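Enquirer: Structure for the following, please:
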Amino acid sequence: MTVADYEGSFTNLAEYAPHLVATDEMRARRFEDGLRHEIRRAIRPLVLPTYADVLDRAIIVEKNEIERKKYFDSKRRQNFGFEGTSGQKKIEVRNEIRCVHCNEVEHIKRNCPRLRTEAVTPRGGNVNNQRQGQAFALMSGDARNTEDIVCIEIVVSALMRQ
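Expert: Numbers count the residues shown, from 1 in each chain. Presented below is the predicted three-dimensional model:
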């Protein structure tokens, strides 16, 4: 719907709800609220005081939007690069799934058979490179009996008293 079409509908409907468009500023805000998003986005920051100002600016913004769309549509056609005698470029669509690891068809990296075999054999080739894991445990009684911890606890206690 163009701004001119919307203006006609708005004027007709405003007759049925005069309390919503009692002042010129109320009428301007109501009209502004019903505009298309791209037009309303350009007009709302201006805070135009009258209905006539909002209507005039909306028509100008609408014309600019139409010109902008025409410009970008023509640019899109120019950049497409038509070929051949029929004037259309052939586009080949492939719906094949390829693995990004081995570049083979019909499986993805998660299911790659080459990835599984590489995971079994370490890259260095030497299986004895693996280290044994270690775990350490510290009991609460062991920590309280050391001088360092006791000294730190005294310092913290002294600082907390101040």
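Enquirer: so where's the protein shaky on pLDDT?
Expert: 79-95, 117-130, 136-162 (pLDDT under 70).
Enquirer: mind checking the longest helix of it?
Expert: Using DSSP state H to define each element, the chain has its longest helix at helix 51-80.
Enquirer: which other helices and strands contact it?
Expert: helix 3-14, helix 24-33, helix 37-43 (3 or more Cβ pairs under 8 Å, 6 or more residues apart in numbering; DSSP states H and E). For every residue, glycine as well, the C-beta is placed using N, CA and C.
Enquirer: deepest of those, which one?
Expert: The highest mean neighbour count among those, using mean count of other Cβ atoms under 10 Å, belongs to helix 24-33: a mean of 17.
Enquirer: Would you mark the buried spots in the longest helix of the chain?
Expert: Within helix 51-80, the residues scored as buried using 16 or more other Cβ atoms under 10 Å are 51, 54-55, 57-58, 61-62.
Enquirer: Domain-wise, how is the chain divided?
Expert: 3-80, 91-123 (automatic domain parsing).
Enquirer: Could you export those domains as CSV, including distance to Ala135?
Expert: Shown next, in CSV, are these (distance: least, Cβ to Cβ, whole Å):
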stretch, distance to Ala135
domain 3-80, 61
domain 91-123, 24
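Enquirer: Let's see stretch 61-81 as CSV, backbone CA atoms only.
Expert: Once non-C-alpha atoms are left out, stretch 61-81 reads as follows in CSV (Å, rounded to 0.1, in the frame of the first residue of the first chain):
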residue,chain,number,x,y,z
VAL,A,61,10.7,8.9,1.9
GLU,A,62,8.5,6.5,-0.1
LYS,A,63,9.8,8.0,-3.4
ASN,A,64,13.4,7.7,-2.1
GLU,A,65,12.8,4.0,-1.2
ILE,A,66,11.4,3.3,-4.7
GLU,A,67,14.4,5.0,-6.4
ARG,A,68,16.8,3.1,-4.1
LYS,A,69,15.2,-0.3,-4.9
LYS,A,70,15.3,0.5,-8.7
TYR,A,71,19.0,1.4,-8.4
PHE,A,72,20.0,-1.8,-6.6
ASP,A,73,17.8,-4.0,-8.8
SER,A,74,19.6,-2.6,-11.9
LYS,A,75,23.0,-3.1,-10.2
ARG,A,76,22.1,-6.7,-9.3
ARG,A,77,21.2,-7.4,-13.0
GLN,A,78,24.5,-5.8,-14.2
ASN,A,79,26.6,-7.9,-11.7
PHE,A,80,24.9,-11.2,-12.6
GLY,A,81,26.7,-11.5,-15.9
